[in-house]
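K.L.:
Give me a 3D structure for the following:
(2 chains)
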2 protein chains.
Amino acid sequence: MLPYKSLIQLDRDSSIALYIQICNNFITLITKGILQPADILPSSRILADLIEVNRNTIKLAYEELISQGWAESIERKGVFALSNLPIRSTNKMDHELEKFKSDESFIWNKPPEISGERAHFKKLNLTIDGGFPDVRMTPVDLLMREYRSISRKFYGKDFLKYGNPKGSERLRIILSSYLANTRGLVVNPENILITKGSQMGIFLSAQLLLNPLDHVAVGVSNYNAADETFQYRGANLVRIPIDEYGMDVDYLEDVLREKNIKAVYIVPHHHFPTTVTMIMERRLKLLNLAKEYRFAIIEDDYDFDFHYNNKPYLPLASIDHHHNVIYIGSITKTFAPALRIGFLISSQPFVEAATALRHMVDRQGDSLLEEAFSALFENGEMERHYRKSLKVYKTRRDLFCELLQKNFNGVIDFKIPEGGLAVWSVFDKNIDLKKMSENALSNGLNVEDGSFYKNEVFNVNGIRMGFASLNEAEIQQALDILKKSL
Amino acid sequence: MLPYKSLIQLDRDSSIALYIQICNNFITLITKGILQPADILPSSRILADLIEVNRNTIKLAYEELISQGWAESIERKGVFALSNLPIRSTNKMDHELEKFKSDESFIWNKPPEISGERAHFKKLNLTIDGGFPDVRMTPVDLLMREYRSISRKFYGKDFLKYGNPKGSERLRIILSSYLANTRGLVVNPENILITKGSQMGIFLSAQLLLNPLDHVAVGVSNYNAADETFQYRGANLVRIPIDEYGMDVDYLEDVLREKNIKAVYIVPHHHFPTTVTMIMERRLKLLNLAKEYRFAIIEDDYDFDFHYNNKPYLPLASIDHHHNVIYIGSITKTFAPALRIGFLISSQPFVEAATALRHMVDRQGDSLLEEAFSALFENGEMERHYRKSLKVYKTRRDLFCELLQKNFNGVIDFKIPEGGLAVWSVFDKNIDLKKMSENALSNGLNVEDGSFYKNEVFNVNGIRMGFASLNEAEIQQALDILKKSL
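P.N.:
Numbers count the residues shown, from 1 in each chain, chains lettered A, B, ... in the order given. Next comes the predicted model:
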């Protein structure tokens, strides 16, 4: 008989039932060839004594083994390992195990690692993020109220069944009027795909528009998650300069004469990371170029809702664009990053294609959340929340910039952002941002080290400093620590 | 000043007076927001030179604009766009919508259209689906309770901020012990990626494992959404026969000697659509083949929770598999299709890669839902729900099969499924399923026409008939109608 006392390892503190543990131990012995086909298993009484468990536990384990097709019980003889299992020799197995212990036995495509933004952040009370909303202001109680009323209202709980991969029709209808009112974007619900935040809009567009080795135009500085998504698709990035008026469309025009560009990705309002707004003349010229050279414009307008001075510019999608614009927006960014709702808007054929792809990616969105957001739009709560946030964030922006002016003169170069939730802060070249970030951390403040904003050509010594998620006292405190950490 | 020379388009051969054309051009500029409220219009002299028309024509156009209420003339200052703009007229909207209707001016990759399952279904009380849970049994009130307590509990609402793209750590910890207890699958939380249902697991695996023209082995009959996902990736499907013991691994072995297979997709428990369970010998042989030929096994075990006779077989992932298995599971399928939670389990390096890709696809899952599900697992509600459903579904399965036996003898050929939520029903070859489905529809019953299950080689005259989502009275009623509709 095998040395079961040593072979069978039990963890009596484990949440796994003992009889399952014993059963799994036998499966291992069988699959490793230590227990050979047609070998007899020890009687329940003997094994019970050996490994000091109740005899009924052994019986349960054997029943489990038999029901799973590993062993068979033969009348008046006992329990045997199944005779028609493929045989393996022990030493060969051990050899194989060694071989596969470390690395994989099949090969796959490695995507780029998740980029470093906030990767080093610790759980601290104080964080200068890259420009996120203050979730403490999120009216989550109102969301809960809608959840409750939905879960009561829907007879037969239809909202829990498979839904439309394009997203809740109710939400698409309310969005179409919301978009018309806020940004003159007149589309019907069929032109809207509800996504999980703007990132999914970027991913779907990249998959549909680009093929390996295609060219996509992006800013010299650009949202690096978008760059990575295009590169993962195998496309080549063509970097276009960005100045204080947005993307340099004349430069782009020169490129277009040389190269076939399949798509242009822009955040016209406001450019990431430098927060500049693209002026109307350039928007119009870009639209004309798209028409002439037949490329798609991916307009990422995640930042639209936050604009402090004059009215925001209308999106390119609101101007006559000959179906060249794919408009991507986000509710997530305004409401709460963890509640993933965004939208992709384009001509109906493109939206249908994006929907079919989305159906392959994750089938559909979260119907419950989509219904709840519909209600929040319908009863005006969403707009109230936007207005309130905007007011609060403007105050925070002004204080934040005032303190930068006063206490970081000559150290940080910045412009007061017209909109968005962050100040693009360019530090004196003698300041080592990595070191500063480490110092800040040891002083109890999370702040980025700028690596997230750099790429192969863009190497400015700057970071986005988010002012929205900090209240006024926290802004004071954070910038005091930052000063100490220079 | 705006680039009016390019903005204002005139057709000098048109029957419409030039001054009207100019007026309409300005109206378009205003309604599109290119000309902002209170913006000044160019002086008649300047504009006359720019667009080469008589100055009086411009004056007439401005008078027309003013009389139509689009602009106002201010003494000794000039003509200004009205500061409070009139509402868009309906025909204007229609014109706007036009631009989204016709064809694109850029090209994109068309994914396959969403496959026809339930595409033709109407809103009826009675539906024989392909095998979905009964959402009327979903304890949505308990989910709501957890939502409320979470939204109260978390100080600072951290759960609303950006979270871990791998999914809630709390959920991954509880899942790891849940999986050990239910299926002897011993993994640590780092081996688990929380996905949005099993489809996302299939999509991520396809992207990572396959490159265009690679070969992936699937069943002769197979879950067609998986086939499409592999084909969308550009991979070639190699069809392997399925018999009553699951995939024919000997046939697969012959193929492996000829072809390089990157991955094998199986639903061992239970095969889609025919519901057969893969026997242990074949599971072990498949694992040996994977080791020898270094391919990945994508084990889609979405159906694990529903097993009526003996305990379910252990997944391949629970057997010593040298990191060759990518295990995909679903909570969604058991709890409610619209609440998208599933998991992908593999070696840590592969899970890290899948997480990085997921981060590109949609950034992260729904933290709120993940926290709520964690609580439901922790307080045992999830298991209570599973047990209760299993009991109810077994009764429904038995009744459903009994009625098939009694009333469809010689018409429908089927085996009582050991598990899952559907009966694979092969109809007499003389029965036209499309016609039957139409008849049923006119009799008030949704039932599939079988097209979803067919592919280029699999053409059996059968459908999956789901028994789980119908109570006993509804089963009676549905099968009566079905009989009438033959």
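
K.L.:
Could you give the average pLDDT over the helix or strand in which A:S198 is found?
P.N.:
Secondary structure from DSSP states H and E places A:S198 in helix A:197-209. Averaged across helix A:197-209, the pLDDT comes to 96.

K.L.:
ok, and what's touching the helix or strand just after it?
P.N.:
Tracing the chain past helix A:197-209, the next element assigned as helix or strand by DSSP H and E is strand A:215-219. Here strand A:215-219 makes contact (Cβ atoms under 8 Å, 6 or more residues apart in numbering or on different chains) with A:206, A:209-210, A:226-227, A:230, A:235-242, A:247, A:252, A:255, A:259-267, A:271, A:295. Using the backbone N, CA and C atoms, a C-beta is placed for each residue, glycine as well.

K.L.:
Show me how far whatever helix or strand comes next after strand A:215-219 is from its chain's centre.
P.N.:
Sequence-wise, the next helix or strand downstream of strand A:215-219 (DSSP H and E) is helix A:224-232. Relative to its chain's centre, helix A:224-232 lies at 13 Å (Cα atoms, centre = their mean, to the nearest Å).

K.L.:
What average pLDDT does helix A:224-232 get?
P.N.:
pLDDT averaged over helix A:224-232 gives 95.

K.L.:
hmm, back to that, ok, and of the contacts of strand A:215-219, which contact chain B?
P.N.:
A:209, A:262-263, A:295 (Cβ under 8 Å from any Cβ of the partner chain).

K.L.:
quick one: which of these sit in helices?
P.N.:
Residues of those located in helices (DSSP state H): A:L209.

K.L.:
now the ones next to chain B among the contacts of strand A:215-219 as CSV including neighbour count?
P.N.:
Conversion of those to CSV gives the following (neighbours: other Cβ atoms under 10 Å in any protein chain shown):
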residue, neighbour count
A:L209, 24
A:K262, 20
A:A263, 25
A:F295, 25
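
K.L.:
on that earlier part again, give the buried subset of the contacts of strand A:215-219 as a PyMOL selection command.
P.N.:
Applied in PyMOL, the following selects the buried portion of those according to 16 or more other Cβ atoms under 10 Å in any protein chain shown:
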select buried, chain A and resi 206+209+210+226+227+230+235+237+238+239+240+242+247+252+255+261+262+263+264+265+266+267+271+295
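
K.L.:
Now do whatever helix or strand A:I58 lives in: which elements does it pack against?
P.N.:
Counting by DSSP H and E, the element that carries A:I58 is helix A:55-67. Secondary-structure packing of helix A:55-67 (3 or more Cβ pairs under 8 Å, 6 or more residues apart in numbering or on different chains; DSSP states H and E): helix A:18-31, helix A:44-51, strand A:71-74, strand A:78-81.

K.L.:
For A:K434, give me its contacts.
P.N.:
A:449-451.

K.L.:
And the residue most central in space within chain A, how close does it get to A:G163?
P.N.:
In chain A, the residue lying closest to the centroid (Cα atoms, centre = their mean) is A:Q199, at 6.5 Å. The gap separating A:Q199 from A:G163 is 21 Å, by Cβ to Cβ, to the nearest Å.

K.L.:
what's the answer for A:N459, then?
P.N.:
46 Å.

K.L.:
A:S318 contacts B:K32, doesn't it?
P.N.:
Yes - counting by Cβ atoms under 8 Å, A:S318 does reach B:K32; the two are 6.4 Å apart.

K.L.:
So those two - more neighbours on which side?
P.N.:
Just comparing A:S318 and B:K32: by other Cβ atoms under 10 Å in any protein chain shown the higher neighbour count belongs to A:S318, 24 against 16.

K.L.:
what about the more buried one, distance to chain B?
P.N.:
6 Å (Cβ to the nearest Cβ, to the nearest Å).

K.L.:
No more questions from me, cheers.
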